[in-house]
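>>> The sequence and its predicted three-dimensional model are supplied below.
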Amino acid sequence: MSDRNDVEIIPAGADDGAAAATGGADSAAEELHGMVEQPAKVMRIGTMIKQLLEEVRAAPLDDASRARLKDIHRTSVKELEDGLSPDLQAELERLALPFTDESTPSDAELRIAQAQLVGWLEGLFHGIQTALFAQQMAARAQLEQIRQGALPPGMTPGPESQTGHGQYL
């Protein structure tokens, strides 16, 4: 007899919808992993960048702090790229234009750059949430099809208590 892990159970009378749901869940998981290779790292950096933006908005910055924020921004973008797929890396490079090395950016330039990066990250996170939702819905549809296929013919899912018909002996 073969190993139990190799057995695939296909409900009687089920069409290819269950297989399609499985494929949908698998492809959503692959898409998720393909988009963000290191999700924990991207989340940590995203949280840090968002906090930095709040700090930049809250207080005026001197030249030294602006220079430091410029370096942090550059380093953050590089670290983010390490955790992303090549197509997202290219998109981030196009959108997050680097500061020039000659001058220290103004408060407004820093705010704009940080806000742009935070906005891009929030869009990325929404995309991840959407992919997770699609994966969950596909898994739920697959489970429902399996449940319906497990019932004997003529039975429909419903409340447990049913009134009996016929004679009681």
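Yep, that arrived. Residues are numbered from 1 along each chain as shown.
>>> make it CA atoms for all contacts and neighbour counts henceforth
Noted.
>>> Quick one: neighbours of L92, just the number.
Close neighbours of L92, defined as other C-alpha atoms under 10 Å, add up to 19.
>>> and L97, which of the three is it?
The local conformation at L97, judged by DSSP: H, G, I helix; E, B strand; the rest coil, is coil.
>>> Equivalent analysis for P60, please.
Assignment for P60 (three-state DSSP): coil.
>>> Distance of V56 relative to K41?
To K41, V56 is 22 Å away according to C-alpha to C-alpha, to the nearest Å.
>>> And these two? Which one has more around it.
V56 (19 against 16).
>>> quick one: low-confidence ranges for this protein?
Scanning the chain for pLDDT under 70 picks out the ranges 1-33, 150-166, 168-169.
>>> Longest helix in it, please.
When the chain is scanned for its longest helix (criterion: DSSP state H), the result is helix 107-150.
>>> by contact count, what packs against that one?
Judged by 3 or more C-alpha pairs under 8 Å, 6 or more residues apart in numbering; DSSP states H and E, the packing partners of helix 107-150 are helix 17-35, helix 39-58, helix 63-82.
>>> Which among the ones you listed is found nearest to Q129?
Between Q129 and those, the tightest spacing by C-alpha to C-alpha is seen for helix 17-35, at 9.4 Å.
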